[in-house]
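Generate coordinates for the sequence data below:
(one chain, ligands or ions: 1)
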Amino acid sequence: MSENFLLYGANGYTGELAARMAKERGLRPILAGRDPNKIEPLASELGFEHVSFALDDEAGMDAALKKVGVVLHCAGPFSRTSKPMADGCLRTRTHYLDITGEIAVFESLAARRAEAASAGVMLLPGVGFDVVPSDCLAAHLKRRLPSATHLTLAIQGMGRISHGTATTMVENINRGGVVRRDGRLTPVPAAWRTREVDFGRGPVRATTIPWGDIATAFYSTGIPNIEVYAAVPASARRMMKASRHLGPLLASAPVQRFLKGRINAQPAGPSDAERERGASLMWGEVQDDSGQTKSSRLKGPEGYTLTAMTALAIVERVLAGAAPAGFQTPSLAYGPDLILEIEGVERVDL
Ligand SMILES: NC(=O)c1ccc[n+]([C@@H]2O[C@H](COP(=O)([O-])OP(=O)(O)OC[C@H]3O[C@@H](n4cnc5c(N)ncnc54)[C@H](OP(=O)(O)O)[C@@H]3O)[C@@H](O)[C@H]2O)c1
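Numbers count the residues shown, from 1 in each chain. Next up is the predicted model:
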């Protein structure tokens, strides 16, 4: 396998963070994106090769993918960008990693498991903050209570978000919530349930969100009932509830244009200082039919820093030859303790 990897979307907020961190780790990605004017300056600053192709340019994509063993896809929203890249990976037998958190994207890649297995390709979406830590926590809890039938996960510490994250949220604003019930993805209203969660600093209020684990934790653990909560301010909870009634309006072209304009007026993402100060906290609990429960907590670096760290840790594993073919989740591919290899991550069993 080639020792290089392709970092697509390298000029985005998260892609650039991963490119800079790759340099610190002694990795040599080929930086890629659709706009050469944005990719070239970063590549020459970091001393990396670069290539440009749009996602509908099959010949350009295939030529670039043939030079590497794996792509780390950082260009989102992935509802628009995942399929063409996964198609290219299957055509060229290149392993596929992305940093999506979108349930529909996980499900569409999971549906290609047989195709990936027969091509000898690993499809591993969600190698960032969403879902590496929570997926490892879910698998750890399942290991602690193998008879578990219900999984609850909760997340705190998003801090400032990047344009890409905000755009993905705006595009999904009218979709409501999702939980997994009896193994099935089940729509629920936005901000369906609110409960108290203690992330280790006293109880806070957390509300259901359609986080990626609703898709992935089912594949990782087989647990059929899954809910994910996020600690959000009361104002955000009110907005989420309002979206139940305003859905069609919020999804209309003029409102989407207005909201995306507001995003572009914000900083591209958290500053270095904000990321250094930030932290991410997670809590999870499993329960079985006899009422037994187990819970654990996880603490780690700020979400975007963690995304770059987990994504590159997984790239390094793939480059070392560990890439089980087919559709994978982080814990299926590398075990529940993968997250403990990330500097600054601590896990506590309660
Ligand atoms: N899982 C996680 O924890 C996690 C963490 C961070 C980010 N994310 C996700 O990652 C994505 C990127 O986030 P970001 O913060 O880096 O956003 P960003 O700063 O807005 O960057 C977006 C990147 O995607 C590229 N892109 C967008 N649409 C494209 C298309 N159709 N074809 C080719 N390239 C396209 C952009 O290229 P141009 O500059 O040429 O437009 C840019 O390089 C978002 O979907 C976000 O939700 C997930």
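
what residues does the helix or strand of the chain with the lowest mean pLDDT touch?
Using mean pLDDT, DSSP states H and E, helix 163-171 stands out as the lowest-scoring helix or strand of the chain, at a mean of 72. With contacts defined as Cβ atoms under 8 Å, 6 or more residues apart in numbering, helix 163-171 is touched by 12-14, 76-79, 101-102, 161, 256, 259-260, 263-264, 266, 268-269. C-beta: built from backbone N, CA, C; applies to glycine.

do stretch 109-127 as well
In contact with stretch 109-127 (Cβ under 8 Å, 6+ apart) are residues 72, 78, 82, 86, 89-90, 93-101, 105-106, 132, 135, 212, 215-216, 219, 310-311, 314, 318, 323-330, 333.

restrict those residues to contacts with the ligand.
F78, I99, G101 (Cβ under 6 Å from any ligand atom).

Show me what the nearest residue to the second one once chain neighbours are set aside is bridged to.
For I99, ignoring the flanking residues on the chain, the nearest one in space by Cβ to Cβ, 6 or more residues apart in numbering is G128 at 3.8 Å. With DSSP bridges applied, G128 shows beta-bridge pairing to V131.

Let me know the pLDDT of G128.
Per-residue pLDDT puts G128 at 97.

What about it, how many residues nearby?
28 (other Cβ atoms under 10 Å).

With G15 as the reference, measure out to it.
According to Cβ to Cβ, to the nearest Å, G128 stands 11 Å off from G15.

same question, A234
34 Å.

Who has more neighbours out of the two?
Taking neighbours as other Cβ under 10 Å, A234 and G15 compare with G15 leading, 28 against 10.

Nearest residue to that one in space, ignoring adjacent ones along the chain?
C74 (3.7 Å).

Repeat that for R34.
Of all residues not flanking R34 in the chain, A54 sits nearest, at 4.6 Å (Cβ to Cβ, 6+ apart).

shouldn't the one you found be in contact with G60?
Yes. Using Cβ atoms under 8 Å, A54 makes contact with G60 at a distance of 7.3 Å.

Give me every residue in this protein lying close to the ligand.
So the chain meets the ligand at 9, 11-15, 33-35, 38, 55, 74-78, 80-81, 99, 101, 128-130, 162-165, 168, 268-269, 304, 307 (Cβ under 6 Å from any ligand atom).

Run the chain-centre distance for the strand or helix carrying A242.
Here A242 sits within helix 234-251, counting by DSSP states H and E. Chain-centre distance of helix 234-251: 23 Å, with Cα atoms, centre = their mean, to the nearest Å.
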